[in-house]
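# structure for this input, please:
(chains A and B)
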Amino acid sequence: MALSTHTTASGFLLPSIHSAPPFFTQQPNASTQSIVGEQWIRLILAYARHRNLFTLRIEDAETTGGDWDEILRNERIHRRLLPSHLSFLFSEMVSKNIAVYEPPKQTRSVLLYWRLPEEWAEVLHGWAISTAQLNTILTFYEITDPPIESPLTGIPVTILRRAITVLNKTGRAQIIGVADGEGVRFFAGT
Amino acid sequence: MGGNQSIPKVTPQDRAVLDLKLQRDKLKQYQKKLQVILDREHEIAKANLAANRKDRAVIALRRRKYQQGLLSKTDGQLEKLEQLVSTIEFSLIEVSVLHGLKQGNDVLKEIHKEMNIESVEKLLDESHEAQAYQREIDEMLSSHLTLDDEDAVQAELRELQAESLQKAETRQPSNLPSVPKAEPTDTVADAETGESEREHERVPVPA
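Take a look at the predicted model:
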């Protein structure tokens, strides 16, 4: 049984463990399962970072045609990740603080933190400086959907909000609210 | 509180700018939606033509034309909004420039109060007087000296001038002898070259 890495259609390199059938089943032995779980979490976060995806849902394991098919399924060995296994992985990730249930108080979809809000705050501030938008009022829509591609395109509003609160504490951002919506202003800070 | 003072207050102008930007975003999203509808109608028209339903295709195309008109109208509105937003931002910058100018002006006025024209004139006059006084003192001191030694100094000067003239004259005769030297060296050189030629002739033979 030769395990090999495989490059997917989107250019993501799958690790060799992905070609091993036991990788997809939830192991009864706790120590093996801890290794399997760790590898899955690492794989999921790396893929999310590569494709700029933020949410993962149980139904991505139940149905085909989603964004996560390249990871959750391996057609070459006819294996797929079962929803129960994925649910177990969700609880693992939430307990390690690299994901949150979003919307809260349910367990079917998570928001992935392949980048912590503090790191997002730095990226946000750096983007504001590089596009010379310090001290100007920006709407959330302008940040998530800029006319020019940026590393912040498509970021969910909850992550954006958390990053802005982080910047607010260090005096580098300020949220402004009007009746219609919200905006944010960045400062150089210290 | 020393912490939060680095963040300036949110002024009503900021809120107005934010409002305008939100409206602009809404227009942009509306444009995106229109574009999606346009593409979909295009597909419907093509499908209908393929299925030979010309009338449905014409209706779809007519709808599409109408949406295109809406799109260009919203483009115009968007442009107006963006112009307004940039005018407001520019006027805010102008206000801060004016503020800076006013502050600079005030500082200049303060400096001028300390440095008014009469005191400057008085200062200049005083310094002129002091310089003239100093010149008088210098003349008195220097005249004191030269009244005694003026003649001796003049005599020394004449001596030096004569010395330098003599030096110049003695240097010239040393140049002259070099001219006759030119001829004798030519004949010596000829004799030397003649000998070397003969030597050259002799050299190959022993080889």
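
# average model confidence for stretch A:115-129?
For stretch A:115-129, the mean per-residue pLDDT is 86.

# mind listing what's buried along it?
Residues of stretch A:115-129 classed as buried by neighbour count (16 or more other CB atoms under 10 Å in any protein chain shown): A:115, A:117, A:120-121, A:124-125, A:127-128. (C-beta placed from N, C-alpha, C; glycine too.)

# can you report phi and psi for A:V110?
In terms of degrees, to the nearest 10, the main-chain angles of A:V110 are phi -130, psi 160.

# enumerate every residue touching it.
A:55-57, A:90, A:93-94, A:99-102 (CB atoms under 8 Å, 6 or more residues apart in numbering or on different chains).

# not counting sequence-adjacent ones, nearest residue to it?
Among residues not flanking A:V110 along the chain, A:A99 sits closest, at 4.3 Å (CB to CB, 6 or more residues apart in numbering or on different chains).

# can you give me the strands for chain A?
Using DSSP state E, the strands assigned to chain A run over residues A:6-7, A:13-14, A:55-57, A:73-74, A:79-80, A:99-101, A:109-112, A:137-139, A:173-177, A:182-186.

# and of those strands, who's closest to B:K73?
Using CB to CB as the criterion, the shortest distance between B:K73 and those is 22.7 Å, found for strand A:137-139.

# so is the closest one next to chain B?
Yes - taking CB under 8 Å from any CB of the partner chain as the criterion, strand A:137-139 and chain B are in contact, through A:137-139.

# which SSE is immediately downstream of the longest helix anywhere in chain B?
Ranked by residue count and defined by DSSP state H, the top helix of chain B is helix B:54-114. Past helix B:54-114, further along toward the C-terminus, the next helix or strand under DSSP states H and E is helix B:117-175.

# for B:E163, what are its contacts?
Taking CB under 8 Å, 6+ apart as the definition, B:E163 has no contacts.

# distance of it relative to chain A?
77 Å (CB to the nearest CB, to the nearest Å).

# before we move on, the earlier item: just give me the closest of the buried residues of stretch A:115-129 to A:R80.
A:R115 (27.3 Å).

# is it true that the closest one touches A:R49?
Yes - the pair A:R115 and A:R49 passes the contact test of CB atoms under 8 Å, sitting 7.3 Å apart.

# how far does stretch B:140-158 sit from its chain's centre?
56 Å (CA atoms, centre = their mean, to the nearest Å).

# brain fart, stretch B:94-110
Here stretch B:94-110 is found 25 Å from its chain centre; the criterion is CA atoms, centre = their mean.

# residue numbers of chain A in contact with chain B?
A:136-139, A:141-142, A:145, A:171, A:174, A:176, A:178, A:180-181, A:183, A:185, A:187, A:189-190.

# who's in contact with the residue nearest to A:V110?
Contacts for A:A99 (CB under 8 Å, 6+ apart) come out as A:56, A:90, A:93, A:110-113.

# report pLDDT for it.
For A:A99, pLDDT reads 85.

# same check, this time on the one 10 residues further on
If you check A:S109, the pLDDT there is 85.

# so how many other residues sit close to it?
16 (other CB atoms under 10 Å in any protein chain shown).

# what residues are up against it?
Here A:S109 is in contact with A:55-58, A:101-103 (CB under 8 Å, 6+ apart).

# ok, so of the residues you listed, who is nearest chain B?
A:T55 (21.0 Å; CB to the nearest CB).

# ok, the closest one to A:R76 distance?
Distance, A:T55 to A:R76, by CB to CB, to the nearest Å: 27 Å.

# which of the two has more neighbours?
Shown here are A:T55 and A:R76; by other CB under 10 Å, A:T55 has more neighbours (15 against 10).

# may I have the beta-bridge partners of that one?
A:L111 (DSSP bridges).

# correct me if wrong: it contacts A:L111.
Yes - assessed by CB under 8 Å, A:T55 is found in contact with A:L111 at 5.7 Å.

# now the buried members of the residues of chain A next to chain B.
A:136-139, A:141-142, A:145, A:171, A:174, A:176, A:178, A:181, A:183, A:185, A:187.

# tell me how many other residues surround B:K102.
10.

# list the contacts for it?
B:K102 touches nothing, counting by CB under 8 Å, 6+ apart.

# pLDDT below threshold where in chain B?
Residues of chain B that meet the criterion pLDDT under 70 lie in B:1-7, B:144-148, B:171-207.

# domain boundaries for it, per the record?
B:12-114, B:117-169 (the TED database).

# just those domains: most buried one?
Most buried of the domains of chain B by mean neighbour count (mean count of other CB atoms under 10 Å in any protein chain shown) is domain B:12-114; its value is a mean of 13.

# and that one, how far out from the chain's middle?
On the basis of CA atoms, centre = their mean, domain B:12-114 sits 38 Å off its chain's mean C-alpha point.
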